[in-house]
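Trainee: test case, fold it:
(chains A, B and C)
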Amino acid sequence: MAKKQTVSFTLNGKAVDVVVEPRELLIHTLRERLQHTGPHIGCETSHCGACTVDLNGMSVKSCSVLTVQCQDAEVLTVEGFEQGGVLHALQEGFTTEHALQCGYCTPGMITRAYRLLKENPSPSDEDIRYWMAGNLCRCTGYQNIVKAVQYAAKKMSSAHA
Amino acid sequence: MAASTDAPARDSKLQGVGSSRLRKEDARFIRGKGTYIDDIKLPGMLFGAIVRSPYAHARIKSINKAKALAAPGVAAVLVAEDLKPVKLDWMPTIGGDVQAVLADRKVCFQMQEVAMVIATDRYSAADGADLVEVDYEELPAIVDPHKAMAPGAPVIREDIAGKDEVGHGKRTHPNHIFTWEAGDKDGTDAVFASAAVTVREEILNPRVHPCPLETCGCVASFDKVTGQLTVYLTSQAPHLVRTVVAMLSGIPESKIRIIGGDIGGGFGNKVPIYPGYVVAIVASIVTGVPIKWIESRIENISTTGFARDYHGVGELAADQDGRIKALRFTALADHGAFNSHVSASKLPAGLFSICTGSYDIPKAYCRVDAVYTNKAPGGVAYRCSLRVTEAVYLIERMVDVLAQKLGIDKAEIRRRNFVKAEKFPYTTSLGWTLDSGNYHAALDKVLKAVDYAGLRREQVQKRAKGELMGIGISTFTEIVGAGPTKVCDILGIGLFDSCDIRVNPTGSAIARLGTMSQGQGHATTYAQIIATELGLPSDEIQIEEGDTDKAPYGAGTWGSRSTPVGGAAAALAARKIRAKAHKIAAHLLEVGEGDLEWEVDRFKVKGNPAMAKTMKEIALAAHTGNIPAGMEQGLDGTEYYDPPNLTYPFGAYVCVVDIDRFTGETRVRRFYALDDCGTRINPMIIEGQIHGGLTEAFAVAFGQAIPFDENGNHLGNSLMDYFLPTAVETPHWETDHTVTPSPHHPIGAKGVAESPHVGGIPCFSNAVVDAFAHLGVTHMDMPHTAYRVWQQCKALGINKR
Amino acid sequence: MKIQVDKSYPMPCTAEVAWEFLQNLEAVAGCMPGAKITERVDAARYKGTVTLRVGPATMSFRGEVELQDVNPATRSLRLLGKGTDSTGTSGASLSLAARIEAATGGLCALAGTSEMSMSGKAATFGGRMMNTVADQILQQFADNFAGQVRALEAQRTAAAGGAPAPDAPVASVAPAGSRELNVLALAWAIFRDWLRRLFSTKAA
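Mentor: Sure thing, here's the model as predicted:
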């Protein structure tokens, strides 16, 4: 049995420390040690994207990251989007455009869309579909998710205008 | 009496039936604060990991737990022997069969449950599972259902070898489950014998799997002190599970609490009771601590309820004008190793006899022969409305086959055969009474919207250039809302449903129902129904489902039954409240009940509209002494609703595809879906359901399959192979509607969530076949992957430049 | 998931030496990369293990091997093997009809027809690779077998006082090659062969 290690990183702006075996996956650390059950588990082959988090400025499937790889990292999950009681434009967009039904893919979708809009603030519908191809949904058929991301893109760009 | 001028504004404020109001449940999901089963943590909780058989058919010679028990963190290892003292090694299924909870001396499908390792955390449990040593003696497996009833075929179910029936009539072979038929066989045969035209096709509905994004699981917690069993469960039918667990375990049902919380998609996958749940319950009883069991995706696809696997033969007899005179559909049904899927006890093949579709067919006969094979159990799942996907696929494909044979346009042949609007309620030759419909209007509206004539002209031009363009039509009639208790029961429990509403003194309300949302938006839509009935804003009506300690008894949510049955119960419970409120209003206003009329949210005195009492005012009064003499306080209503009939939503879909004859790739150029689900409670939510159901239909039609090799090895049980469409390949959906209310439903609503799946699959298939129709192709089996379509192009010699 | 393999490997020794070696099940097992006989149940039945490594992960199959129809006249025998991996998620079985055929120049060939089948995870995830993997494993086996019989031939020849066979290096009966089947090395060999086939002008 490999020796446990202490790993320190920032989660949604707060410093956290965990003691984990080297083989522990980030998704399990987030969900079980750090009580952040927003990111979900939908598969074990890294296809579904329900576990998507933002790690050091990149969208990452946390089921494919070892916690020991996250020393000093900045991790953002869906729980970190609402600031001071104000919803992020994406959260508002998802509910306004009815882009969720069972809600299971939603944290991963929002977290992925966040990074998408950071890198491409005015994506086309096709851009959105391509950039979010790593996040699966069974309920919505994606059409309203595309609309939700467009809603957020417009709101965020007019806020900057 | 003229309506007040402010009535529309007041009505709009309620956000009741017809409002596309935003969903109330979204608030927690967009924040990642849902409570799904894997989010549940209880003090002292242990984890279970299941040891599974690598063989599809084998005897278990021995199981050695020693190494596993010695592994760090492992608390217990349970095998069938450990379940025998509590008589839980075998359990009844909701299909009327029995199923092994943990394999007892033999395994009957690959990845069948053999043992469960209980440990302190999921990593230790997985390590422990690797260390359990099982000695197997492999047996020959039956994988092809056509070989299941061959003389001398290996016997799969030795446990029922002596039984000549398993709940549905006589068995003729050890691997036979049942034969079910409906209609007039002799009359139908006679029509076929003398018909001007007959067509016949062998049509496969391949085995697929619903694959909701959240897998199945539970947290079972038995309290040794109180004797109370609490199970948090991914279940679409919490009350049915509670009753079955009580029957199985001997614990009084009043001491069992099943809690369905947030569920990440059901689609029928979360209706059956899986062995993992039962072993977790036993483990909790034995250890006295909570036990969590959550399956992996591979376990989910390999062992939980699959869908379809119907090997069908469709036959139609018609006259030269394409008027169908008789229908004969038979199917060989592969149920896997146990008959475990949901089905009403009198309807083991579900609602398959809806296969006469939207058509006026004078004579019909259908038969389903079900067999066991060495594969995972299941059959009814995946938005199928209980085998309606299989039935509608057959009739919609065969109508196209008939059209091609006679050279009649595929829309025209449907018009000639539709049940006419004035004939409703219409009883089909297989015994279902379709409540309402207007098929001609729906089809006409769709064909106009897509410029059907223009599409056919374009197709002629494209064919002249050697290009493949297909137009698919699907005009389906659904049957949902199981159902009237005289026809529909599960293990004897009738398929009624219920609603219990309590209005509090300050005028808001809580309603609890026996259904169970897995994303359908019940917290919003039921509130809308009650809002319109009671005149209270839907924002102030809390909806609760899933906690069997609180919710009245119901059969859960599957087969699109929530709106037809639960929604009816909600409306009628609300009407009981309004009837009482009427009396209280009369008392408060000191008039007779007949002097009052209801308008939106209040009772007004006829001729003196200034004198009125709102429901809110009445709610307060109901909790005081100022009520009619002899009346009890409170403003509650409870309704247990036994529907008089099922409901029959319908639709007309058109799909346009362009197929690349060099690669076999199909591009869905356009998909136009018109649905009629009667009264529309929340158009936004309906549209979302249509998008989702069509996307799942797209997946089934174009890429999903559950393949096995000849030894019963699963060849595609992870997302590396099983096709779940991403945002990239999912087409753009166009939706439309007509409204033909159900005459027997209290608010005229029919339910809609499975319609897009039922109607979408044949629409896609019809489009693909239509692309090749001019080259003589009459049928192609799903899935229409690029490779399989390319093989068709190659067979026709058109795949090369 | 079944595959059938029909192969013949030339051996650098006489038919008698090869047949003698073939009947020594423990030594033959030693030629299979990663295989080891752990227990002799009786003259015809043995228990053993096969260990495969993929990087840091190890997969260990345990099972039984049975020798049947040993026929000195035709220098042939049948081998039946079956086992499951230690995590219980995969099963494998093999039936092999092996024979020594005389070849030109006093040498011989080891020929065999075998049917292999896999169950469980190995079939589901490894099924696609089976033919290529089987080819590679058998090639390694044949190479090890050849090495062993060459040494044995040299010993017999030396013992009989004759000149050593032309190509035979002077060697003792060395232990079989690698103790483990290294899957990454195997994967590289398979990839290399596939590339070779892509660019070769011969029919596949």
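Trainee: chain A contacts on the stretch 701-801 of chain B?
Mentor: Contact residues, the stretch 701-801 of chain B versus chain A (CB under 8 Å from any CB of the partner chain): B:718-720, B:724, B:726-728, B:730, B:732-733. C-beta: built from backbone N, CA, C; applies to glycine.
Trainee: which one (most neighbours) among the residues you listed?
Mentor: Neighbour tally across those (other CB atoms under 10 Å in any protein chain shown): the maximum, 25 neighbours, falls on B:Ala727.
Trainee: quick check: it touching A:Gly134?
Mentor: No: counting by CB atoms under 8 Å, B:Ala727 sits too far from A:Gly134 to count as a contact (9.3 Å).
Trainee: pull up the overlap in contacts between those two.
Mentor: Listed contacts common to B:Ala727 and A:Gly134 are nil; contacts here mean CB atoms under 8 Å, 6 or more residues apart in numbering or on different chains.
Trainee: and the longest helix seen in chain C, what's buried?
Mentor: With secondary structure taken from DSSP state H, chain C has its longest helix at helix C:130-160. Along helix C:130-160, these residues count as buried under the neighbour rule (16 or more other CB atoms under 10 Å in any protein chain shown): C:130, C:132-138, C:140-142, C:144-157.
Trainee: what packs against it?
Mentor: If contacts are counted by 3 or more CB pairs under 8 Å, 6 or more residues apart in numbering or on different chains; DSSP states H and E, helix C:130-160 sits against strand C:2-11, helix C:15-22, helix C:25-31, strand C:108-120, helix C:183-199.
Trainee: backbone phi and psi for the spatially most central residue of chain A, please?
Mentor: Centroid check for chain A by CA atoms, centre = their mean gives A:Thr111 as the closest residue, at 2.9 Å. With angles defined as degrees, to the nearest 10, A:Thr111 sits at phi -70, psi -40.
Trainee: for it, give me the pLDDT.
Mentor: Here, the pLDDT recorded for A:Thr111 equals 98.
Trainee: what's the answer for B:Met398, then?
Mentor: Reported pLDDT at B:Met398 in the predicted model: 98.
Trainee: contacts only, for the closest residue to B:Leu775 other than its chain neighbours.
Mentor: In this structure, B:Leu775 finds its nearest non-sequential neighbour in B:Leu796, 5.3 Å apart by CB to CB, 6 or more residues apart in numbering or on different chains. Neighbour list for B:Leu796: B:772, B:775, B:777 [criterion: CB under 8 Å, 6+ apart].
Trainee: number of nearby residues for the residue of the stretch 501-650 of chain B found nearest chain A?
Mentor: Distance from chain A to each residue of the stretch 501-650 of chain B (CB to the nearest CB) is smallest for B:Gly519, at 2.9 Å. Neighbours of B:Gly519 under the rule other CB under 10 Å: 29.
Trainee: can you check C:Gly83 too?
Mentor: C:Gly83 has 20 neighbouring residues, counting by other CB under 10 Å.
Trainee: and the gap between it and chain A?
Mentor: Applying CB to the nearest CB, to the nearest Å, the value for C:Gly83 to chain A is 26 Å.
Trainee: could you confirm that residue falls within a strand?
Mentor: Yes: assessed with DSSP: H, G, I helix; E, B strand; the rest coil, C:Gly83 lies in a strand.
Trainee: isn't it up against C:Ala92?
Mentor: Yes: taking CB under 8 Å as the definition, C:Gly83 is a contact partner of C:Ala92 at 5.9 Å.
Trainee: give me the common contacts of those two.
Mentor: Common neighbours of C:Gly83 and C:Ala92 (criterion: CB under 8 Å, 6+ apart): C:61, C:63.
Trainee: leaving aside the residues next to it on the chain, what's closest to C:Thr14?
Mentor: Using CB to CB, 6+ apart and skipping residues adjacent in sequence, the residue nearest C:Thr14 is C:Gly106, 5.7 Å away.
Trainee: right, and the one you found touches C:Glu16 too?
Mentor: No: counting by CB under 8 Å, C:Glu16 is not a contact partner of C:Gly106; they are 10.1 Å apart.
Trainee: circling back: leaving out chain neighbours, which residue sits closest to the residue nearest to the centre of chain A?
Mentor: A:Thr52 (4.9 Å).
Trainee: how close does that neighbour sit to A:Met109?
Mentor: From A:Thr52 across to A:Met109, the span is 8 Å (CB to CB, to the nearest Å).
Trainee: can I see the domain layout of chain A?
Mentor: As assigned by automatic domain parsing, chain A contains the domains A:5-80, A:89-156.
Trainee: okay, these, which one's buried deepest?
Mentor: Highest mean neighbour count among the domains of chain A (mean count of other CB atoms under 10 Å in any protein chain shown): domain A:89-156, with a mean of 23.
Trainee: what's the end-to-end length of that domain?
Mentor: End-to-end distance for domain A:89-156: 7 Å, by CA to CA, to the nearest Å.
Trainee: swap in stretch B:698-715?
Mentor: Using CA to CA, the two ends of stretch B:698-715 sit 21 Å apart.
Trainee: quick check, that stretch touching chain C?
Mentor: Yes: under the criterion of CB under 8 Å from any CB, stretch B:698-715 makes contact with chain C via B:709-711, B:713-715.
Trainee: which residues does B:Ser345 contact?
Mentor: Counting by CB under 8 Å, 6+ apart, B:Ser345 touches B:96, B:167-168, B:489-492.
Trainee: what do you get for B:Asp159?
Mentor: B:90, B:98, B:100, B:104.
Trainee: looking at chain C, which residue is nearest chain B?
Mentor: Chain C approaches chain B most closely through C:Gly120 (2.6 Å), counting by CB to the nearest CB.
Trainee: and that residue, how many neighbours?
Mentor: C:Gly120 has 27 nearby residues by other CB under 10 Å.
Trainee: of the contacts of B:Ser345, which is the nearest to chain A?
Mentor: The closest of the contacts of B:Ser345, once distances to chain A are taken by CB to the nearest CB, is B:Ile490, at 24.0 Å.
Trainee: which residue is the nearest non-sequential neighbour of that closest one?
Mentor: Spatial nearest neighbour of B:Ile490, chain neighbours left out: B:Ile94 (5.4 Å); criterion: CB to CB, 6+ apart.
Trainee: could you do C:Gly127 as well?
Mentor: Residue nearest to C:Gly127 in three dimensions, not counting chain neighbours: C:Met1, with 4.6 Å by CB to CB, 6+ apart.
Trainee: check contacts around the one you found.
Mentor: Contacts of C:Met1 were listed using CB under 8 Å, 6+ apart, and they are B:709, B:711, B:713, C:117-119, C:123, C:127, C:130.
Trainee: try it again at 6 Å.
Mentor: B:709, B:713, C:118, C:123, C:127 (CB atoms under 6 Å, 6 or more residues apart in numbering or on different chains).
Trainee: ok, so of these, who is nearest B:Ala7?
Mentor: Taking CB to CB as the measure, B:Asn713 is the one of these closest to B:Ala7, at 66.2 Å.
Trainee: what does chain C have sitting close to chain B?
Mentor: C:1, C:87-91, C:119-120, C:123-124 (CB under 6 Å from any CB of the partner chain).
Trainee: buried only: go through those for me.
Mentor: So, by 16+ other CB under 10 Å, the buried ones in the residues of chain C next to chain B are C:1, C:87-91, C:119-120, C:123-124.
Trainee: any low-confidence regions in chain A?
Mentor: For chain A, applying pLDDT under 70 flags the ranges A:1, A:161.
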